[in-house]
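**Q** The sequence and its predicted three-dimensional model are supplied below.
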There are 4 protein chains.
Amino acid sequence: MKTDPRRLLLASYPWVQTMETRFADMDVNRHLNNVAFSRFFEETRIRFNGTLFANANADASPRPRYLVAHVAIDYLGEGSYPEPVTMTYAVGSIGRTSFRSQKAMFQNDRCIALCDTVLVHRGDAGPAPLPDALRSRLEAFGLKG
Amino acid sequence: MKTDPRRLLLASYPWVQTMETRFADMDVNRHLNNVAFSRFFEETRIRFNGTLFANANADASPRPRYLVAHVAIDYLGEGSYPEPVTMTYAVGSIGRTSFRSQKAMFQNDRCIALCDTVLVHRGDAGPAPLPDALRSRLEAFGLKG
Amino acid sequence: MKTDPRRLLLASYPWVQTMETRFADMDVNRHLNNVAFSRFFEETRIRFNGTLFANANADASPRPRYLVAHVAIDYLGEGSYPEPVTMTYAVGSIGRTSFRSQKAMFQNDRCIALCDTVLVHRGDAGPAPLPDALRSRLEAFGLKG
Amino acid sequence: MKTDPRRLLLASYPWVQTMETRFADMDVNRHLNNVAFSRFFEETRIRFNGTLFANANADASPRPRYLVAHVAIDYLGEGSYPEPVTMTYAVGSIGRTSFRSQKAMFQNDRCIALCDTVLVHRGDAGPAPLPDALRSRLEAFGLKG
C-alpha cells in the first residue's frame, strides 16, 4: 500500500472524519491497541457507507449488501489517547462484483496506519455485479492528486 | 438513585461532555449494549479525573490513586447508534477515605441511565484519608439545584 | 451484597462455569479491566439464561423477554490474565414481574467480584408477571447452605 | 494466502488451540464481528508467543520485542456464537529482522478466516536482526505436509 505516496497524505482523500479515542482503546502497552485500529477502520467504513447510500436512496433499492472479504492493515506508528484520530476513505480499484477501499488513520499530523479492504456485493446467489448507479458514485471517491 | 429527581436532569450536573457512539457499541439487539454503557461511564470517570487532577497539580503530589470499589447502573431507556451520548458527572457523598460519583447518560434529550460509583483513595497500606485539597475540590462538583 | 457470607463462597452457587480470559480484557494497569468484569457477568447471565430456557422449552412459549434494569458490582480484588475465571450464578429474590440474580467472579480461589442484577419480564405493554412455570424453575437456583 | 491449499487444513498447522466465543463477539448481524476475528488472531499471536518464549527462556534474554507491522485477513465464512473457534499458527517466511506468521480460524470444521502477520524484531535503534536461537525455534513451526 505504501508504494503510492499519496496514501500517506491527508489531502489525498476525498472523505475525512475525526473520531474520538477512548481509554478502552489502549492496551497494556499504553498505546492504541492494534485491534482498536481495526475498530476505527470498521467505523470509518460504516460511516462512509452511510454517506454513500444516504445519497443513493433514490436509485438503489434494496440497499446493496456488502461483505468484507479481505482487510489488510499497515501499522506505521503508535497511536495515543486521549487525542482524536482522523480517519480517511477513498475508493480504489472497482471490479465487476467488488471494489477496494483505501483508508488511512492520522494522529497528531502523522499517518499511523493504512488499511485496504475488499468489499463484495452480495446477491441472493453469491457475488453479484455492482449496480451501475453505485459504480458511478464510487468513481467519484478516488484518491486525489 | 432515581429517588433524587435532580438525577434525571442534565442541568443538575456540573460536568457535561458529549461522546461519540460507535457501531461496535451495539449488540445483536441493535441498541447500545449494556456493557457499552459501562464503558461510557468508565470514559466519563477518566475524563472527569483528568479535569480534576489537571487543576490540582499545584497541591496534589503524588497524584492520588483511586480504586473503583463499587459501580451501580440503572438502565432507564435504550440507546441507539449513531447519535452521540451526553455524559454527566457530579460528586455525591464524600467520606473519610472514599467518595461517591453520580453520573448520568443522556441521548436525544432523555436520561437513559444513571450510574453511582464508589472510589477509594488508596495508599500503600490500604485505604487512605482523602487529601484536604482534593476534598475541597470535590465539594465544588456537587449536584446543582 | 457482602453482608451475606455465602456470597463469597464458590460452593454456595448452584450454577458454575469457567471462562477464558483474553489479553484484550486487560487495560493499561495490566489487570482485568473493570468493564471487562461487566462483560464476564453479561456472558454469565446469557449462558445461564440459555440453560434456564433450554430446559423450559416445553412450557415457555414464546420465550420470555427480559430487560436488565439494574446492575451493581462490588470489586473485591484484581483479576489477571491469562488465568481463567470461574463465574457463578444464583437466583435471589423473585418479585411479581422481576427477579434478582446474584453472581460472583472467582480467580485463583479468591472471590474478586460480586454482581447483583435486576431482570424485568417484559410484555408488549411494559412489565408483565413472571410465568408460573418460570417462577418455579427460578426457585430451584437459590443460594445453597 | 488462499493459493497454498494447506492453509485451509487444520492438520497443516503445528500449533492449535481452541478458544471460547462470547456474546460480545457478535454484532448486529448476529455473527461474529469482523473486528472480533482480529481479536481472536491477536489472542492467538499472544498465546503462541507465550509458548515460544516460555521454551526459549534459557537462551533469549532479554525477551525479544516484536512490533506488528502488517496484518491481512481473508474472511472466508461467517462465525457464530456460542460454539468455540479453533485457532492455528504456523511460521511462514523468516527474514533478517522480521518473520511472517500464517494463522487460520476454524469453526464447525470449516476454515472461516486466514490471517498473515508480519512481526518485526525491534531493538533500541529500530529493526534488529532476529537472534539465531529464536530463528531455529521459528523454523520448527512451519506448515506441515
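**A** Yes, it's here.

**Q** Parallel or antiparallel, which strands does the top strand by length along chain A pair with?
**A** Among the elements of chain A assigned as strand by DSSP state E, the one spanning the most residues is strand A:110-123. Pairing partners of strand A:110-123, with direction, according to DSSP bridges: strand A:65-75 (antiparallel), strand A:98-107 (antiparallel), strand A:126-127 (antiparallel).

**Q** shouldn't A:Val118 be in contact with A:Val68?
**A** Yes - applying C-beta atoms under 8 Å as the test, A:Val118 and A:Val68 come out as touching, 7.4 Å apart. Quick note: C-beta positions are derived from backbone N, CA and C, even for glycine.

**Q** More neighbours: those two, which one.
**A** Looking at A:Val118 and A:Val68 with other C-beta atoms under 10 Å in any protein chain shown, you find the greater number of neighbours at A:Val118, namely 20 against 16.

**Q** ok, what's across the strand from that one?
**A** Partner residues in beta bridges with A:Val118, using DSSP bridges, are A:His70, A:Arg100.

**Q** And the pLDDT for it?
**A** Reading off the per-residue confidence, A:Val118 sits at a pLDDT of 97.

**Q** And the helices in chain A, which stretches?
**A** With DSSP state H, the ranges of helices along chain A come out as A:34-54, A:132-139.

**Q** got the contact list for A:Met115?
**A** No Met there; residue A:115 is Cys. Contacts for A:Cys115 were tallied using C-beta atoms under 8 Å, 6 or more residues apart in numbering or on different chains; they are A:37, A:41, A:71-74, A:101-105.

**Q** Could you rerun that using 6 Å?
**A** A:Cys115 sits next to A:41, A:73, A:103 when contact means C-beta atoms under 6 Å, 6 or more residues apart in numbering or on different chains.

**Q** so, in contact with chain B or not, stretch A:25-35?
**A** No - Stretch A:25-35 stays clear of chain B (C-beta under 6 Å from any C-beta of the partner chain), getting no nearer than 10.0 Å.

**Q** Measure how far that stretch is from the centre of its chain, please.
**A** When C-alpha coordinates are averaged (C-alpha atoms, centre = their mean, to the nearest Å), stretch A:25-35 and its chain have centres 21 Å apart.

**Q** For it, buried residues please.
**A** For stretch A:25-35, the neighbour count (16 or more other C-beta atoms under 10 Å in any protein chain shown) marks A:25-27, A:31-35 as buried.

**Q** Next, format the residues you listed as TSV and append pLDDT and distance to C:Ala128.
**A** Conversion of the buried residues of stretch A:25-35 to TSV gives the following (pLDDT from 0 to 100; distance: C-beta to C-beta, whole Å):
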residue	pLDDT	distance to C:Ala128
A:Asp25	98	40
A:Met26	98	43
A:Asp27	96	43
A:His31	97	48
A:Leu32	98	45
A:Asn33	98	42
A:Asn34	98	45
A:Val35	98	40
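
**Q** Tell me which of these fall in strands.
**A** Filtering the buried residues of stretch A:25-35 for membership in strands, criterion DSSP E, returns an empty set.

**Q** hmm, back to that, CA-only coordinates of the longest strand of chain A, as PDB, when you get a sec.
**A** Below are the C-alpha coordinates for strand A:110-123, written out as PDB (Å, rounded to 0.1, in the frame of the first residue of the first chain):
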ATOM      1  CA  ARG A 110       1.200  11.700  11.200                       C
ATOM      2  CA  CYS A 111      -0.200   8.800   9.200                       C
ATOM      3  CA  ILE A 112      -0.100   6.000  11.700                       C
ATOM      4  CA  ALA A 113      -1.800   3.300   9.600                       C
ATOM      5  CA  LEU A 114      -3.100   2.300   6.100                       C
ATOM      6  CA  CYS A 115      -5.900  -0.100   5.500                       C
ATOM      7  CA  ASP A 116      -7.100  -1.700   2.300                       C
ATOM      8  CA  THR A 117     -10.400  -3.600   2.300                       C
ATOM      9  CA  VAL A 118     -12.200  -5.600  -0.400                       C
ATOM     10  CA  LEU A 119     -15.900  -5.400  -0.300                       C
ATOM     11  CA  VAL A 120     -18.000  -7.800  -2.300                       C
ATOM     12  CA  HIS A 121     -21.500  -7.000  -3.500                       C
ATOM     13  CA  ARG A 122     -23.600  -9.900  -2.400                       C
ATOM     14  CA  GLY A 123     -26.800 -11.100  -4.000                       C
END
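
**Q** Quick one: work out the angle between that strand and helix A:132-139.
**A** 170 degrees (axes from the mean of the first three to the mean of the last three C-alpha atoms, to 10 degrees).

**Q** in strand A:110-123, what's buried?
**A** Under the neighbour-count rule (16+ other C-beta under 10 Å), strand A:110-123 has A:111-122 buried.

**Q** now, which of those residues sits nearest B:Leu143?
**A** Checking these against B:Leu143 by C-beta to C-beta gives A:Ile112 as the nearest, at 40.6 Å.

**Q** Out of the buried residues of stretch A:25-35, which is nearest to D:Tyr81?
**A** For the buried residues of stretch A:25-35, the closest approach to D:Tyr81 (C-beta to C-beta) belongs to A:Val35, at 18.0 Å.

**Q** which residues does that closest one contact?
**A** So A:Val35 contacts D:38-39, D:42 (C-beta under 6 Å, 6+ apart).

**Q** how far away is the closest residue in space to A:Phe23 that isn't next to it in sequence from B:Val35?
**A** Beyond its immediate neighbours in the sequence, the residue positioned closest to A:Phe23 (C-beta to C-beta, 6 or more residues apart in numbering or on different chains) is B:Ile46, lying 4.8 Å away. Spatial separation of B:Ile46 from B:Val35 under the definition C-beta to C-beta, to the nearest Å is 16 Å.

**Q** coming back round to it: now that we have the buried residues of stretch A:25-35, can you turn them into CSV and tack on distance to A:Gln17?
**A** Conversion of the buried residues of stretch A:25-35 to CSV gives the following (distance: C-beta to C-beta, whole Å):
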residue, distance to A:Gln17
A:Asp25, 16
A:Met26, 21
A:Asp27, 24
A:His31, 22
A:Leu32, 17
A:Asn33, 21
A:Asn34, 21
A:Val35, 20
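
**Q** Would you mind listing what in chain A touches chain C?
**A** That would be A:26, A:28, A:30, which are the residues of chain A within reach of chain C (C-beta under 6 Å from any C-beta).

**Q** wait, which of those residues is closest to A:Ala90?
**A** The nearest member of those to A:Ala90, counting by C-beta to C-beta, is A:Met26 at 28.0 Å.

**Q** ok, that closest one - contacts?
**A** Residues A:81, C:28 are the ones in contact with A:Met26 under the rule C-beta under 6 Å, 6+ apart.

**Q** in the sheet, who's paired with it?
**A** Here A:Met26 sits in beta bridges with A:Leu32, going by DSSP bridges.

**Q** got a list of contacts for the worst-scoring helix or strand of chain A on mean pLDDT?
**A** Comparing helices and strands within chain A by mean pLDDT, DSSP states H and E singles out strand A:126-127 as the least confident, with a mean of 88. With contact meaning C-beta under 6 Å, 6+ apart, strand A:126-127 is reached by A:97, A:120.
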